[in-house]
Each structure stands twice: as C-alpha cells, then as structure tokens.
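**Q** sharing a model prediction with you, sequence too.
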Amino acid sequence: MEELNIIQKIAVMALPLVFAIVLHEVAHGWVADKLGDHTARDMGRLSLNPVSHIDLFGTIVMPLLLFVLTNGKMVFGYAKPVPINPNNFINPKKGMALSSLAGPGINLVMAVGFSFLLRVVLPVVEGAAPKQLLEWFALPVTLMLGYGVIINVVLGVLNMIPIPPLDGSRVMYWLLPPRQAAAYYRLEPYGMIIIMALFAFNVLGKIIGPLIQPILSFLLGGDIM
C-alpha cells in the first residue's frame, strides 16, 4: 500500500482533532446550559458547525506548525472557549466545575468510540469489503481512527491538569476553601506561560505521559501509534 502523501497525513490527523476540540467546547456549553447558564446557547455556540468554534491560532496555525516542526508526528490545538457566566448558576463554583468536567468527559467518550470503531467495526468491514476498495481506504481510515483515540485521550488528560485556565483548575477551585481558592486563581494570568514552559522543557510530557500511556495501551490494544 502506498505511503500517505502530505495532504492525506494532514487529513487523518486534523479531522479527528477538529472533531475532538469542537465537541469538547460544545460539551462545556451544553452542561452549562443544563445547569442554568444559557450564554453559549444565546451566542450560537452549541452548534456542531466547526466554523462557530474556530480560533485562527489554536485551530489552524498551531496544529500546522506542530505538524511541520514534528514532521507529522504531532498535531494539537484548541477552539475558542465557549462563553460561560458562572453568575447564572445556583452554585457558581460547582457549576463551573461540572461544566469544565464535561469537556474532558466527552473526549473520553470519543476515545472509547474511536477505539470501538478501530478494533471491532473496522475488522468486520475489512473482512467484507472488496480487496480493491480495501486497499484504497484501509490505511487512511485506520490512521484516522487511531489518531482519534490518541488526540482525545491527550486532550482529556491534558485539560485535567490543575493549572488555570485548564479544566482541572475549575475542579480544584471548587474543592478548595474560599481563601485558598482566591489565592490559587491569582495564577490564572500566568497559566498559559506556565503550560508553555512545561511543554518547552518536556516537563509536561513527563507529567501526563504516565497517565496517557496505560489508557492508550488499553484502547489501542497495546499498539500505540
């Protein structure tokens, strides 16, 4: 089977990425809506249309840069955050925590879904499909599903790190007493700097790697891409 060309490589990595980050943000807004904050719905951000969620840098520029700099080994990004007004919740801290958990939660669900398609559905299709058709779509589909698992697991685990403004920080803020929570959130203006520094010095990978590897081994049957 021919090796994928550059366009195919971008497609098999970028499509699962866009799907993952769009549903991640929609999940935040959907749970917030159920808890009483209709801001995302009123602003049209509960749509599954990717255009509503695209961030020029996070959804387009950064994934392409990572793709080029890592020679196609890594694609990652983010969408525009769904607007949430905690003042609309009966319990603002709890409402923000639950809304934040929805993003990583849907990523876990998608990772399991991609794994099921890859390990259960695809082998059945391969056994029934004509050989000529199989040679055309088997590798791209296999890679797309595999990257779907990887991207969703990484996105879910990464977002649970308790560094503002990642989703895990909202859960931490909910659990901390008021005084400690206020002190903790003074980190938020520096959160992205901290995250980028951890990434640049390869500390971030050492933090989330031990969590990600067992999950990927389970979902991909030990065959981590």
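**A** Sure, I can see it.

**Q** ok, and the closest non-adjacent residue to the residue nearest the centre of the chain?
**A** Centroid check for the chain by C-alpha atoms, centre = their mean gives Leu155 as the closest residue, at 3.3 Å. Excluding its sequence neighbours, the residue lying closest to Leu155 (C-beta to C-beta, 6 or more residues apart in numbering) is Asn107, at 5.0 Å. To be clear about C-beta, it is placed using only N, CA and C from the backbone, and glycine gets the same treatment.

**Q** show me what the helix or strand hosting that neighbour is packed up against.
**A** Element membership for Asn107 (DSSP states H and E) is helix 92-116. Applying 3 or more C-beta pairs under 8 Å, 6 or more residues apart in numbering; DSSP states H and E, one finds that helix 92-116 contacts helix 6-34, helix 131-159, helix 167-175, helix 203-219.

**Q** can these go into JSON lines with extra columns for distance to Met192 and mean pLDDT?
**A** Output for those, formatted as JSON lines (distance: least, C-beta to C-beta, whole Å; pLDDT from 0 to 100):
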{"stretch": "helix 6-34", "distance to Met192": "16", "mean pLDDT": "88"}
{"stretch": "helix 131-159", "distance to Met192": "13", "mean pLDDT": "86"}
{"stretch": "helix 167-175", "distance to Met192": "12", "mean pLDDT": "95"}
{"stretch": "helix 203-219", "distance to Met192": "12", "mean pLDDT": "91"}
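
**Q** quick one: closest of the ones you listed to Ser100.
**A** Ser100 lies closest to helix 167-175 among the helices and strands packed on helix 92-116, at 3.7 Å (C-beta to C-beta).

**Q** dump the closest one to CSV, restricted to CA.
**A** Provided in CSV are the C-alpha atoms of helix 167-175 (Å, rounded to 0.1, in the frame of the first residue of the first chain):
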residue,chain,number,x,y,z
ASP,A,167,-10.4,22.5,33.1
GLY,A,168,-8.8,20.8,36.0
SER,A,169,-8.3,24.2,37.6
ARG,A,170,-12.0,24.8,37.8
VAL,A,171,-12.4,21.5,39.7
MET,A,172,-9.6,22.4,42.0
TYR,A,173,-11.1,25.9,42.6
TRP,A,174,-14.4,24.2,43.6
LEU,A,175,-12.7,21.9,46.1
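
**Q** which residues sit against it?
**A** Residues from elsewhere that reach helix 167-175 (C-beta atoms under 8 Å, 6 or more residues apart in numbering): 93-94, 96-97, 99-101, 103-104, 159-163, 181, 184-185, 188, 191.
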